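>>> Sequence plus the predicted model coming up.
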Amino acid sequence: MKVVSFNIQYGFGLDGVCDLERIADVVRDADIVGFQEVTRNLPKNGFLDMPARLMELLPDFHQAFGPGADVDFRPANAGAGHVGRLQFGNMVLSRYPILSLRNLLLPRSRTYGELNLQRAALEALIDAPEGPIRVYSTHLDHRDPDERIGQIVYLKDRATLYGVEGGGVTGGCEFGFPDLPHTDDYLILGDFNMMPETPEYVAMAGRVDPYYGRTPRATMPVDVLAFLGGRQTGDYSWEEPGRPEVRQYLDYIFASATLTSRLKRGWTDMDCIASDHKPVWLELG
């Protein structure tokens, strides 16, 4: 099973062209996809409804969109006939049925004169052939390490306490629906806006990753998240448009320790120009 995390930058590539067809081609061979920086009614990309268009381009996938920010930011020259709200968030796409969804709003603080969007993590319970799995597509704050740490703590609590809290619904039998499965297997993927070996990374992974450049062992403690993705292969996941020498690790895929025996490989598609971020891939056996 192939999983990919991809910040698609409102549809714009390194060449400055907004091209969702190109983005769809990048992930077409995946089984599960997490997109970040997905918008509706953003002036920058011509008020494009990105979730709807991606649904048209990838009809073989079950799809879900979770906006964190949803605001009335109509242009000043928009007439009364202009409809639609500006939305910014994440998507999950899956070849397998998505049994339930939760859009988790991450903690944030108010800013003055500096943009700070409501960030979110879209949780999808997926009925995969090897058994149910939870996937979280997220995008953390870009400004403040302390805010990122608060968001990481909240997100990890939701992932690890899932068996206690339940997902989108429990006790559905009251309305004649079967109870949804509760699984310990999960992947947290997305744009974390953090570098390896920073306090945010340690807060997320529980340690400075000792497995840089090689596959993690299956003997990791159960309370530690296994890391695969851009850093595991030594590749970068983000580059500054027009300046490919400016690169950073920003995008990751974290896996629950229950999945360690199924981790096969992780890699970054460094040839991709469909965004300023690079797709980070993970393969599970």
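Nice, thanks for sending it over.
>>> center of this protein - which residue?
For the chain, the residue nearest the mean C-alpha position is residue 137 (2.6 Å; CA atoms, centre = their mean).
>>> That one and residue 281, how far apart?
14 Å (CB to CB, to the nearest Å). All C-beta atoms are positioned from the backbone trio N, CA, C, and that covers glycine.
>>> again, but for residue 166
Residue 166 is 31 Å from residue 281, by CB to CB.
>>> what's the answer for residue 120, then?
23 Å.
>>> quick one: buried residues of stretch 84-99?
Buried residues in stretch 84-99, counted by 16 or more other CB atoms under 10 Å: 86-96, 98-99.
>>> Compile those residues into JSON lines and extend it with columns for secondary structure, pLDDT and distance to residue 55.
Compiled in JSON lines, the buried residues of stretch 84-99 are given as follows (DSSP: H, G, I helix; E, B strand; the rest coil; pLDDT from 0 to 100; distance: CB to CB, whole Å):
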{"residue": "86", "secondary structure": "strand", "pLDDT": "91", "distance to residue 55": "19"}
{"residue": "87", "secondary structure": "strand", "pLDDT": "95", "distance to residue 55": "15"}
{"residue": "88", "secondary structure": "strand", "pLDDT": "97", "distance to residue 55": "18"}
{"residue": "89", "secondary structure": "strand", "pLDDT": "98", "distance to residue 55": "15"}
{"residue": "90", "secondary structure": "strand", "pLDDT": "98", "distance to residue 55": "15"}
{"residue": "91", "secondary structure": "strand", "pLDDT": "98", "distance to residue 55": "10"}
{"residue": "92", "secondary structure": "strand", "pLDDT": "98", "distance to residue 55": "12"}
{"residue": "93", "secondary structure": "strand", "pLDDT": "98", "distance to residue 55": "9"}
{"residue": "94", "secondary structure": "strand", "pLDDT": "98", "distance to residue 55": "13"}
{"residue": "95", "secondary structure": "coil", "pLDDT": "98", "distance to residue 55": "14"}
{"residue": "96", "secondary structure": "coil", "pLDDT": "98", "distance to residue 55": "16"}
{"residue": "98", "secondary structure": "strand", "pLDDT": "97", "distance to residue 55": "13"}
{"residue": "99", "secondary structure": "strand", "pLDDT": "96", "distance to residue 55": "19"}
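>>> Give me the below-cutoff pLDDT ranges for the stretch 51-200 of the chain.
Counting by pLDDT under 70, the stretch 51-200 of the chain shows low-confidence ranges at 75-83.
>>> returning to that earlier point: more neighbours: residue 120 and residue 281, which one.
Set residue 120 next to residue 281 and count neighbours by other CB atoms under 10 Å: residue 120 wins out with 26 against 23.
>>> how many other residues sit next to the nearest residue to the more buried one once chain neighbours are set aside?
For residue 120, ignoring the flanking residues on the chain, the nearest one in space by CB to CB, 6 or more residues apart in numbering is residue 68 at 3.3 Å. Close neighbours of residue 68, defined as other CB under 10 Å, add up to 21.
>>> Who are the contact partners of residue 68?
Residues near residue 68 by CB atoms under 8 Å, 6 or more residues apart in numbering: 88-90, 103, 105-106, 117-120, 139.
>>> With residue 124 instead?
Taking CB under 8 Å, 6+ apart, we find residue 124 in contact with 64, 92, 94, 98, 100-101, 134-137.
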